[in-house]
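Participant: Following is a predicted model, sequence given first.
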Amino acid sequence: MNINENNLTKQADDDELGSTTVDRFMTIETISLNESTTISTAIKTLKVNKISGAPVLNSKGELVGIISEYDLMIQAATSDHKSKIKFTKNIYSLKPDNTLKEALIQLLSKKVKRMPVISNKNHLLGIVSRLDILNALINKHFEDPTERSLKLK
């Protein structure tokens, strides 16, 4: 199926995704790594927390990159596990007041699974993933408030 921004924009406006902000559905309790984390520690962190990637922060708590399980697979196969991680520095991010429509368009057009949500001072506030968007879409379609808590895991 070919998805383009015009189709998403029309659908999002029809479904009120254009008025719901990412701060309502982002994951707040995020697991992050620091830029001096070793490959071995990064792999263990992703495995223990059952996540496929994590934001990377500097010593000031500012977002400096993101690393995925794919990145770590390559590094684990080609580098000493005690080496520091090499992470993507050119990252896409969102602000808490971006709409779900904007997040959806960014995730799909950039072909990424997650995007960090950052403050104006570049501090990590949370993560918005494809699963968060799906949860927002599912919850929106339930009229019964007792069923609105349905959440994909």
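Facilitator: Nice, thanks for sending it over. Numbers count the residues shown, from 1 in each chain.
Participant: Can you give me the separation between Ser83 and Leu108?
Facilitator: Here the criterion is CB to CB, to the nearest Å. By it, Ser83 lies 33 Å from Leu108. The C-beta positions use only the backbone N, C-alpha and C, and glycine is treated the same way.
Participant: same question, Lys44
Facilitator: If you measure Lys44 against Leu108 using CB to CB, the figure is 31 Å.
Participant: Among these two, which residue is more densely surrounded?
Facilitator: More neighbours surround Leu108 than the other of Lys44 and Leu108, with 15 against 12 (other CB atoms under 10 Å).
Participant: And the strands in this structure, which stretches?
Facilitator: Assigned by DSSP state E, the strands in the chain fall at 33-34, 53-57, 63-68, 114-118, 124-129.
Participant: List of residues touching the first one?
Facilitator: Spelled out, it's strand 33-34. Residues from elsewhere that reach strand 33-34, judged by CB atoms under 8 Å, 6 or more residues apart in numbering: Thr41, Ala42, Thr45, Ala54, Pro55, Val56, Leu57, Asn58, Ser59, Ile67, Ile85, Phe87.
Participant: Looks like the last one contacts Leu63 (just checking).
Facilitator: The one in question is Phe87. No: under the criterion of CB atoms under 8 Å, Phe87 is not in contact with Leu63, lying 10.7 Å apart.
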